[in-house]
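A.B. asks: Sequence and predicted structure below; questions after.
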Amino acid sequence: MPPIAPFTRTPTEDDLRGDRWLALILFGGGILSAALTSIAQLYGDEQAPLWTALVLVLFTTLPLAVRRRWPGITAVVVSLAYFVGVTFKVPELYIGNIAMFIGLYTVGAWMPDRRRAFLVRVGIILGMAFWLLTVMYRSAIEQAAEQKVIAGALSPYLAYMMLQLLLNALYFGGAYYFGERSWNAAAQRAALEQRTAELEREREVNAAQAVALDRVRIARELHDVVAHHVSVMGVQAGAARLTLERDPAAAKRILVDVEDASREAIRDFRQLLETLRAPGDEGDESSSTVTMADIAALAAASSSAGLPTDHTVIGEPVPVPSLTAVNLYRIAQEALTNARRHAGPDAVADVRVRYTGDTVELEVVNTGRVVTGLVPGLGQLGMRERALASGGTIELTPRPAGGFRVRATVPLVPQDRADGRGTDGQGVDGQGAPARGGRR
């Protein structure tokens, strides 16, 4: 799976519209707060005129309308406005507190440059902490001068200062924490959505590949069954026609073989259709009843069809996985079909199955016409796909003296299967050369 793209949180139109409403609501609340604070004389005789409160509310609330677009600038402007208001005792305190909290939170939750987001928040927090400590120090000096600080005891003033420190720690720490948490939660959601989209695309690709592989498998099975049986019946029907007048008994025997071949073709077609209709893994090619022992019958059928074929087993036979047996059987079937079609009337064939302990090798060699070139087609493509599907290699080479050699080597030990490889006819033959698709 490809790496997750860098996360950038982009506000939607609904987010921006909500920011404008938030700024408008806080602006109205700020005006009301300023009026009530002025009436309550929060700062006593040192309180600034009421019109300064209106200016303060303007600078602490309206920037929130663009807080998601420019979170850093918004937080700095709101914090500076709040600092000025408190310093000059402007009669508005509560909405400014809320606005500064929202500004700090927004920097953590929406600022894409995380380093700058950290620096902006830390700069504001340290600046406010320095200002608060300075004010507390000056106030402590004044209180000490008035002899209101009781030595050795927790005076009301000291308790008030400690309460201020605690509230400010919770205030700024909460703004930092909740902003960071919001960013991390959004990043996790975005990563999950990206992975979900990638998995969906991968599922679609896998489904398309599965359909393509099924189409290839169906085409390969149909080609093997049709090419073999029709070839056998065609050769035998031709032989029957030539011997019908000269030797009716021989022609009758040949027609009986044609009838048997047609029944076998129908049986194979029925088995193929049942396999394709079976759900899930029941439709795998391994459900075929073909085994390595059936290659001998295949050679005998080839001899009766007009191509004298010897069958030899070399080494001690060992159990072969059913899928491998099916693939090797089909390779031998295709090789003998090609030999009957292209090798000529005097050709002979030899089928050898060789067991070497950890591999099984199938070699089909025929004599006949000299092959000067390979014409691309489906026969050799199917043989290559079957060899690769069993984790093996295959050689398809013309013989200099005439005829053709097909040699497939398949491991018997468990290996990673190449189920999806080779469908384009590409592979590597037993000599390490790029394999060329086609049939003779």
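C.D. replies: Yep, it's here. Numbering: from 1, shown residues only.
A.B. asks: where does the protein have low pLDDT?
C.D. replies: For the chain, the stretches with pLDDT under 70 are 1-6, 142-155, 224-228, 231, 275-289, 373-377, 414-440.
A.B. asks: would you list every one of the helices in it?
C.D. replies: Applying DSSP state H to the chain gives helices spanning 13-40, 50-61, 71-87, 94-110, 114-145, 156-243, 248-277, 294-304, 322-342, 378-389.
A.B. asks: how far off helix 156-243 does the last one point, in degrees?
C.D. replies: Helix 378-389 runs at 140 degrees relative to helix 156-243, counting by axes from the mean of the first three to the mean of the last three CA atoms, to 10 degrees.
A.B. asks: burial of residue 392, as a residue count?
C.D. replies: The burial metric for residue 392, expressed as a neighbour count using other CB atoms under 10 Å, is 25. The way it works is simple: take the backbone N, C-alpha and C, and place the C-beta from them, glycine included.
A.B. asks: which residues pair with the closest residue to it other than its chain neighbours across the strands?
C.D. replies: When the adjacent residues along the chain are set aside, residue 392 lies closest to residue 410, with 3.4 Å between them (CB to CB, 6 or more residues apart in numbering). With DSSP bridges applied, residue 410 shows beta-bridge pairing to residue 360.
A.B. asks: how many other residues sit next to residue 410?
C.D. replies: Here the number of neighbours of residue 410 (other CB under 10 Å) works out to 25.
A.B. asks: Please identify the most buried of the helices of the chain.
C.D. replies: Each of those was assessed for mean neighbour count using mean count of other CB atoms under 10 Å. The highest is helix 378-389, with a mean of 25.
A.B. asks: what sits up against stretch 126-133?
C.D. replies: 79, 83, 87, 164, 165, 168, 172 (CB atoms under 8 Å, 6 or more residues apart in numbering).
A.B. asks: can you check stretch 232-242 too?
C.D. replies: The list of residues contacting stretch 232-242 from outside it, by CB under 8 Å, 6+ apart, reads 251, 254-255, 257-258, 261-262, 265, 301-302, 304-306, 337, 340.
A.B. asks: which of those residues sit farthest apart?
C.D. replies: Looking at these by CB to CB, the two members farthest from one another are 251 and 337, with 23.1 Å of separation.
A.B. asks: How is the chain partitioned into domains?
C.D. replies: Using automatic domain parsing, the domain ranges for the chain come out as 13-200, 307-440.
A.B. asks: Kindly reformat the contacts of stretch 126-133 as TSV containing distance to residue 242.
C.D. replies: Compiled in TSV, the contacts of stretch 126-133 are given as follows (distance: CB to CB, whole Å):
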residue	distance to residue 242
79	105
83	111
87	117
164	115
165	113
168	110
172	104
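A.B. asks: and which of the residues you listed is nearest to residue 386?
C.D. replies: Ranked by distance to residue 386 (CB to CB), the contacts of stretch 126-133 are led by residue 172 at 70.9 Å.
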